[in-house]
Each structure stands twice: as C-alpha cells, then as structure tokens.
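A.B. asks: build me a model:
(2 chains)
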Protein chains: 2
Amino acid sequence: MSKDSATHVIDPSDEFLNSRFQIKNSIQRFNPKFDIFNRSLWDDQINPRNFFASYDIANYAPKKSKGFDHWDYALRNASWHLTDLVGEQHFAESGAVEGFTHPFTTQVPGPDVPIVLKSPQETSKRIKAAAKLFGAGMTGITKVDQRWVYSHSFNRKTQDNLSFDLPEGMDTVIVLILPMDYRLGTTFPSALSGSTTGVGYADSLQCATMMAQFITNLGFEAMASLNDTALNIPLAIKAGLGEYGRHGLLISRDYGPNVRIAKVFTNLPMAIDQPQEFGVRAFCEQCRKCADACPPRAIAQDDPQEKPPNISSLPNIKKWTVNAEKCFKFWVGMNTDCAICIRVCPYNKDYSKWWSRLGIKLAGGPLRRFMLWLDNMLGYGKRMAPEAWWKL
Amino acid sequence: MSKDSATHVIDPSDEFLNSRFQIKNSIQRFNPKFDIFNRSLWDDQINPRNFFASYDIANYAPKKSKGFDHWDYALRNASWHLTDLVGEQHFAESGAVEGFTHPFTTQVPGPDVPIVLKSPQETSKRIKAAAKLFGAGMTGITKVDQRWVYSHSFNRKTQDNLSFDLPEGMDTVIVLILPMDYRLGTTFPSALSGSTTGVGYADSLQCATMMAQFITNLGFEAMASLNDTALNIPLAIKAGLGEYGRHGLLISRDYGPNVRIAKVFTNLPMAIDQPQEFGVRAFCEQCRKCADACPPRAIAQDDPQEKPPNISSLPNIKKWTVNAEKCFKFWVGMNTDCAICIRVCPYNKDYSKWWSRLGIKLAGGPLRRFMLWLDNMLGYGKRMAPEAWWKL
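C.D. replies: Numbering: from 1, shown residues only, chains lettered A, B, ... in the order given. Alright, predicted model coming up:
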C-alpha cells in the first residue's frame, strides 16, 4: 500500500475500524476496475444488456408492471440530468465520468493568500454550517486512511487502469450525507423510484462541488468526490456518521440507509470526529429483513466473513458483503436500480416523525426484538404502489 | 406587441391581472436591456464598481463589519458555483448567460414518439409531483400571456439587443417556487446572506432543468428559465402562487417573499391554475415595514402608481414599484445583494411552525393591524448577527 505507512498517522477511528471489522494488515486498496459497473464494460461475465442504455430515453424499455412505464423512465432519466451534464462534460476528451470514475474538476481558482484560521475547532464548525446550507443532512470530518483510497483510476472510455494516489497534503476528508426522499423510496424497486437515486446524486453534486469551491475560496485545496476516488462507507463510519448494516450499506444515525454519501478531500486543518455506535450491529445480527427480501439472494444471511463472494468486494476485512454480481444482475433484469434492501430496512424511516425516532432508539437497545416485531406488525417496509406516488 | 393578439386566448387569470393592476392596452413587453443589471453594462448612470467583480474571490473586498469577511465571501461565491458553471458554459462563444439572459440549452433529445396523454388534469398532477421531487416548494401552471415575455434578448458580451419571441407552440408555463433558507435570511443584508441567494439559484437551476428534461423525455418541448425570457412575478401570480407585495416581490402563499421563482415554457397540454388572493394587498396597504427599513428609500411609501420611477420598470400598469436605480446603488455600495425588505416583511416567516402560519392567517383578515402590532412586539424582522449563523 503505497502511501499508508509513510504519511498516515493512526488515529482512534482507524483503530476502531481495525477491531470492529478485524481488518488484516494484508488488506489492499481497492482497484475500481473490479467495481461491478466498471466490470460490466470489460468482463464478459457481467452483461449489462440494456441497463445503461435505458438511461437514454430513446432506449428505455417499458414494462407492463406499474412503475416502469414512459412516465417513470422519463422522470428517472431527468433526475440524472445535472449529474450527467456536469460529470460527463469532459468525457469525450478524457473519458472521465466525474463523480463516478474521477473527482470533479469544476473548481475555479481561489485567492493568492489563504485565510488566517483561528483554530481547527472553529474551522470545523464553519465547514459544517456551510455543508448544511449546501444540502448535507449530516457532516463528519476525519483523517484520510489511505486503505480506503482507490489504488487505481478506471477510465470508462479507454479502460485505462492507472495507479492512483491522492495529491500530496490532502490528508483530511469531509464526508457528507445527502438524505433521499423517504416517500418515493417506499416504491423501491421501480424505474420511478430510480428518480430518488438521481435526485440524490444531483444533491450530492451540488453539496460536494460547492464545498470544494468554498474551501478553494478560503485559499486551501479541495477535491469534490461522489463514488470516485475512495470507498465512501468506511470513511463515513470513521467520520462518525453511522454504522455498517447487513445489506452492506451505511446506516446513518439521522436518516438510516436511504442516503447518498459524498466527500471532499482537503488540506484544510480541521478538528476531526470519531466513530459512533448506536446499536446497529446487534440489531442486524437479529434482523434479516433485507436478506430475506432480496430477490436474487445477494445479501448475506450468515455471519460476517473475511472472504468476499467475488472480486467486486474487498478481502481481508470481516464484514457482511453483498454479492455484487447477483445484485447487479437483478438490476439489469429490471433496467433500473433496486434498493428493496433500503425499503425493508427497519432503520429506513421518516426521521422527522418522533415515533420513527423512538423506534430507532428501541432498535438500538435491549428491546430490539420487540422493535423488529412491531415493525413487521405495523407493516413498515411494504411497497407503496407507484401510481399512489403520482397521486393518481 | 407582436404575438399577443394573434395567438393568446384571454383566460380569467389575465382578466384578473388586468383589473387588479389596471393594466392599459398600451402596455409594452419589457426590453431586458433596461434591466438594472444589464444597464450597468452600458448605461454610464449605473456604475457597478466592484459589485460583479466581487463574485470572483480574488477580487472580493472585505469590510470590518461582521458578515462581510473572507469566510462570508468565500461561502457566498461558492454558493453560485453550479449556477455559474452551467449558466456560463457557452458564454465565451455566444455571450449567453443561461438563466439570466437566455434560457438553458442543456437538454438532451427526447424520444421520437411522444407519450399518449390521458387528460390535462392527470398531466398537471404528474408535473406537480415531479416538480416537488425536484425541489419546488410550490408549482403553478398557467397559459403564457405574451405581455410578460421579454420583447428582446440582451447579450452581456456583445450587448446585442435582438427582438425575441417564444418558439411557436410554447403557450404554457410551469412556474416553480424555490424556498430560500429562512434562518440565513435573518442575517440580510450581508455577504454571508448572499449565500442563500446563490443556493436559491442552484436549487432553481436543478428544478427547472430537470423539469425541462422530464418534459423533453415525454416527447414534448420545454425550455427551462430563471430570470431570463419573461417577467416571473406576473406569471407566478397568474399561476396562483401568491400575491404582489409593496416591496415589488411575490409574496408566495406557502413561503412568503423569501423565495426564488423559476419557470419552464412548454407545449405540453395541462390543466391550468387560477390566481389566489389571501389578503396581501390590504395588508401591504397598512404595512410599511419594508419601505421604512429600506436604507436608500427605494420602496414606495405611497399608493400604486402607473408611472415607474425610471426606465428599469414597466409603465402602464398600476403597482408599487421599487426604484431599481436606488436599490442597485445600495447593493453596489455593499458589494452584495441586500434583501432587507424580505427580512422585515411580516410575511417572511418559518412556515413550518404553526404559530407562523397562524400569524399569516391573521395578516390576511380583519385583524391585520393586530398582527402587525404583534409582529413588531415579538421582534420579528430584526437582524441576526452573522457570527450567530456560523455558530461561533
């Protein structure tokens, strides 16, 4: 692991992850060439068929079932409009899909003289106030652990797979949680509900690029990133934003699993956050709603394992790991993203309601079995008919 | 007026505006060359000094007073990042500032065969559901009254001022209300609070361009617009979204004056909305908080007038009109936008609170004087210190 030993100072959040996930010293940085979306471009085992093409409305494939008609695909594809526009503006020249294979290059230059900072604590407060204004539901700050930074870049046009390191000095990362629409998420899976993914990425784009520009404007360096450049989930856990769930997703403290994660790498000195636990692990040990509900059986029923089901996930870290091959194959069959695991997760609630927050409290304590029983009794996790969302 | 008599069918919403504002037949479409921002580029009477330059962080001019330091300008200028990036992507070639002088050209092509529509009512419902998902707090639909469409375009690079008409068939407009941050708005005026304007435009950009892409994806035509192409306020009133205030701003029904307005012109057939009144006019006749609080005395103390104070506003329509020259001169002096009139307006409240909504109800009925007295007694409209927003 190139930069790790040289530049990274172990802080308690790294120790936390090491023990929580029994991470071996032999862990390697992930090469995004093996990401399931990127694999579908070069690995014959992964056939995307019409999946990507359907995001062009000229090629969508309507189905008879509700939630997959022309209205639904028109909305879903429109929800990706800004993310595609900004992220793919250099695709023709460079092959970079900013936000997915490469970080954003949208920043304009800052001032010659950087701001004089009072204290790392004050800077963190200001950064969090800014992130909230720019749309983040939660913000955490942590030191970059190089183990979670991708080892290579992957170019979707040329399939180049060059070795990659973060620029010198970018040792801190601001992790941003962008909540997605709860009500629309109750229609997972559908082309319609794919719109909440699209809006979530647009919100991420807005928040991350504005934050990077804000830091640039202060006279420091910053790099806005969505799914590119590093693994979001370990960084989010390190930054105190949530815990890891059986479905392989972050369960954020204030919004559950129905969120997107964005991040900004920077050399701005800030006070950092530490991991927080609120009972998710013990709950997920009891609960198998996501695993039971997953049509292709891609979610682990058993205990955390060190060996992942295939090359699209990291080995040498003991965790529940989704079988990305089975998962993506199901998406391809539907021509849209799925997220049934988010819909049925007892942590997926409308957190603006006090009874939801009470339920989450119960899930995190000794009454977790009662909460799970209650969740089932009250019918949470059932799919809302897409036409009800359209108010027809 | 070129297209009006030929293509426009008078509907009740036009009659409403005619009588409410005593609009003369001699009214002319507005030429945006006379818009105060555009005037500052060619009219020696309007000197923008460092106003526009300060939106480049290399040229911001910090002040001793709180809310105008490096942090504040860094945040404000970052808040404009996406709007500048997308809106000015063709500026170098064409001189178009999309969203401000020209509509957006970001759409990608739709399908060859348009969707089969069931009814204008159903289409309107679906359009409003989509707009809400894409960030609109309120959505209204109305027929285009050509009187509110700009007579010309204005090119900020070449200063070309070519005559303009909407494309044939674009006879309907979807008007979108984007709420701005109430708490940050309590720090008006400051470079800091200019950030809520920037975020408001980014939200407008997202909602309007996604809506235009959605309609394009249905197989119809659509054109996303912010301040370009037509006057937003009469269209918003026509579309039932609010009333006109003494400060020359829309007072929206669900969010008051602290909003931005965006719009999408389209040929998609939809059921239309009608104007709604909820007592604003009678209230503004009593209340002069905005006029009293305006440092350059740019807001009318007297009754609605037919003749505007200068060429930056429309004649032949009887209304309260802000003196745009005095208003902009004050902005230039501060190197940021002002909006004291929004902060002190009794309709500017956090509408998520029931007591705010009760106050608004009172303002719209016979107890309006009592509401005004209470509003003053409770200290609404006072400026919050910018450092309190930063949580320092």
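A.B. asks: near chain B, which residues of the stretch 51-200 of chain A?
C.D. replies: Contact residues, the stretch 51-200 of chain A versus chain B (CB under 8 Å from any CB of the partner chain): A:56-58, A:60, A:70-71, A:73-75, A:77-79, A:81-82, A:84-86, A:89, A:106-112, A:115, A:122, A:125-126, A:129-130, A:133-134, A:181, A:184, A:195-196, A:199. For every residue, glycine as well, the C-beta is placed using N, CA and C.
A.B. asks: only the buried subset of those residues, as a PyMOL command please.
C.D. replies: Buried residues among those (16 or more other CB atoms under 10 Å in any protein chain shown), as a PyMOL selection:
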select buried, chain A and resi 57+60+70+71+73+74+75+77+78+79+81+82+84+85+86+89+106+107+110+111+115+122+125+126+129+130+133+134+181+184+195+196+199
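A.B. asks: return the subset of the residues of the stretch 51-200 of chain A next to chain B lying in helices.
C.D. replies: Among those, DSSP state H puts A:70-71, A:73-75, A:77-79, A:81-82, A:84-86, A:122, A:125-126, A:129-130, A:133, A:184, A:195-196, A:199 in helices.
A.B. asks: report the beta-bridge partner residues of the spatially most central residue of chain A.
C.D. replies: Nearest residue to the geometric centre of chain A (CA atoms, centre = their mean): A:I261, 4.2 Å. With DSSP bridges as the criterion, A:I261 is bridged to A:I177.
A.B. asks: ends of stretch A:130-149, how far apart?
C.D. replies: Separation of the first and last residues of stretch A:130-149 by CA to CA, to the nearest Å is 25 Å.
A.B. asks: buried stuff in that stretch?
C.D. replies: For stretch A:130-149, using 16+ other CB under 10 Å, the buried residues are A:130-149.
A.B. asks: how about the residues of the stretch 201-350 of chain A by chain B?
C.D. replies: Within the stretch 201-350 of chain A, the residues that sit near chain B (CB under 8 Å from any CB) are A:A202, A:L205, A:Q206, A:T209, A:M210, A:M211, A:Q213, A:F214, A:T216, A:N217, A:L218.
A.B. asks: the second one: helix or strand, and which one exactly?
C.D. replies: For A:L205, the enclosing helix or strand under DSSP states H and E is helix A:194-217.
A.B. asks: ok, then the element right after that helix?
C.D. replies: Next element after helix A:194-217 (DSSP H and E): strand A:222-225.
A.B. asks: and that next one, what does it pack onto?
C.D. replies: Judged by 3 or more CB pairs under 8 Å, 6 or more residues apart in numbering or on different chains; DSSP states H and E, the packing partners of strand A:222-225 are helix A:194-217, strand A:259-266.
A.B. asks: other residues contacting the last one?
C.D. replies: With contact meaning CB atoms under 8 Å, 6 or more residues apart in numbering or on different chains, strand A:259-266 is reached by A:103, A:137, A:144, A:166, A:170, A:172-180, A:197, A:200-201, A:203-205, A:207-208, A:211-212, A:215, A:220-226, A:229-230, A:232-233, A:235-236, A:250, A:252.
A.B. asks: likewise stretch A:316-328?
C.D. replies: Residues contacting stretch A:316-328 (CB under 8 Å, 6+ apart): A:21-24, A:26-28, A:36-37, A:40, A:45-46, A:244-248, A:284, A:294, A:296-300, A:304-306, A:308-310, A:312-313, A:338.
A.B. asks: buried stuff in that stretch?
C.D. replies: Using 16+ other CB under 10 Å as the test for burial, stretch A:316-328 gives A:316-328.
A.B. asks: what about it, how long is it end to end?
C.D. replies: End to end - CA to CA - stretch A:316-328 spans 23 Å.
A.B. asks: over to stretch A:318-325?
C.D. replies: 19 Å.
A.B. asks: mean confidence for that stretch?
C.D. replies: The pLDDT scores in stretch A:318-325 average 98.
A.B. asks: gap between that stretch and the chain center?
C.D. replies: Its chain's average C-alpha position is 15 Å from that of stretch A:318-325, according to CA atoms, centre = their mean, to the nearest Å.
A.B. asks: now render the helices and strands packed on strand A:222-225 as a markdown table, adding mean pLDDT.
C.D. replies: As requested, those are exported to a markdown table (pLDDT from 0 to 100):
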| stretch | mean pLDDT |
| --- | --- |
| helix A:194-217 | 98 |
| strand A:259-266 | 98 |
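A.B. asks: save those as CSV, and put in distance to B:W373 too.
C.D. replies: Output for those, formatted as CSV (distance: least, CB to CB, whole Å):
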stretch, distance to B:W373
helix A:194-217, 41
strand A:259-266, 45
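A.B. asks: spit out the contact partners of the closest residue to A:M210 other than its chain neighbours.
C.D. replies: In space, and not counting its chain neighbours, A:M210 is closest to A:F134: 4.5 Å by CB to CB, 6 or more residues apart in numbering or on different chains. Listed by CB under 8 Å, 6+ apart, the contact partners of A:F134 are A:Q206, A:C207, A:M210, A:M211, A:F214, B:A78, B:S79, B:V199.
A.B. asks: please identify which of these is nearest to B:F16.
C.D. replies: Closest approach to B:F16 among the contacts of A:F134 (CB to CB): B:V199, at 32.5 Å.
A.B. asks: where's that closest one relative to B:A298, distance?
C.D. replies: Computed as CB to CB, to the nearest Å, the B:V199 to B:A298 distance reads 25 Å.
A.B. asks: for A:S40, pull up the helix or strand it's in.
C.D. replies: In the assignment (DSSP H and E), A:S40 maps to helix A:36-42.
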